[in-house]
Structures are given as C-alpha cells and as structure tokens.
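Novice: sequence first, then the predicted structure, then my questions.
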Amino acid sequence: MATIQDPEVRELLEKPNYAVVSTHNRDGSIHSTITWVAAEDGNVTVNSAVGRLWPTNLERDPRVNVLVQEGGNPYHFVEIRGEAQGTTDGADEHIDQLSKKFIGQDQYPYRQPQEQRIKFLITPHHVRYVKQS
C-alpha cells in the first residue's frame, strides 16, 4: 500500500491537481465535489465554507474519500480513504495558500461576505496510487 509520503503521491498532492472529495449524505448516498487539495505533515488538507453540504457531511460523519488525478492524465491518480477533522483555526490562511497554489493569487478572491472558512485535515487509512500511460 502506498503512503502520503511516497514521492509520487507527494508530487500529485503538491502540484495544482484537483481533488474529488466524496462524503456520505444523511440518507447514506454519496456526495462528490471537486476541490483544491494539499498535503500537510503526512495528511491531506481541503478547505470549504461552513454550512456547505460536504463540510456538513464531514462534521456528521468524518469518513471521506479523496481522489486526486494528474491534470491531463486521469489514469495517474491517488485515492485516499480516511477520516477528516475540521477546524476554523487557520482556515483563512489555508484557503489563501491554496489560492496561491491553484490560481496564483495571494488571497482567495471568491470569499463571500460573512463566510466562515473551515479546513479539514484528513488522516489517511488507505492510500492507493496508480500510474498508467
């Protein structure tokens, strides 16, 4: 089994590759969304606004699946299954870091008035890395 620390996995997470985050809805169905992603201290981090569906799902049920594909090659990917823990501490700085990484802007330009950001630290339980040409 791969780990977040493997060079190939770290490269996918460090480059501006988008992630598909899948969570469990209250009725048991799956909700998937595309988001920005990063690696931090052997974990995966994602960011959203408090009150949106997928963060609400994670606050209720921390199980999560994150799939990160290389831009231009969907057969080069890492799948991370784990548990997420959310915090608003440092979430504003985190979204600004992601903004710099993904769109080259020092500050996240899409913030809405009264929006509160939430950062999720995902502890991986299973990491699957695949690279096909």
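Specialist: Received, thanks.

Novice: quick one, strands of the protein?
Specialist: 19-24, 30-35, 38-40, 43-49, 63-70, 73-87, 117-131 (DSSP state E).

Novice: looking at those strands, which is closest to residue 93?
Specialist: Each of these has some distance to residue 93 by C-beta to C-beta; the shortest is strand 117-131, at 8.8 Å. Where C-beta positions appear, they are placed from N, C-alpha and C, glycine not excepted.

Novice: pairing partners for the closest one, with directions?
Specialist: Its sheet considered, strand 117-131 pairs with strand 43-49 (antiparallel), strand 73-87 (antiparallel) by DSSP bridges.

Novice: pretty sure residue 10 is touching residue 17, no?
Specialist: No. Here residue 10 does not reach residue 17: they are 11.7 Å apart, not a contact under C-beta atoms under 8 Å.

Novice: rewinding a little: same list, the strands of the chain, but as JSON lines with mean pLDDT and mean neighbour count please.
Specialist: Formatted as JSON lines, the strands of the chain follow (pLDDT from 0 to 100; neighbours: other C-beta atoms under 10 Å):
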{"stretch": "strand 19-24", "mean pLDDT": "98", "mean neighbour count": "21"}
{"stretch": "strand 30-35", "mean pLDDT": "98", "mean neighbour count": "13"}
{"stretch": "strand 38-40", "mean pLDDT": "95", "mean neighbour count": "17"}
{"stretch": "strand 43-49", "mean pLDDT": "97", "mean neighbour count": "22"}
{"stretch": "strand 63-70", "mean pLDDT": "98", "mean neighbour count": "19"}
{"stretch": "strand 73-87", "mean pLDDT": "97", "mean neighbour count": "18"}
{"stretch": "strand 117-131", "mean pLDDT": "97", "mean neighbour count": "18"}
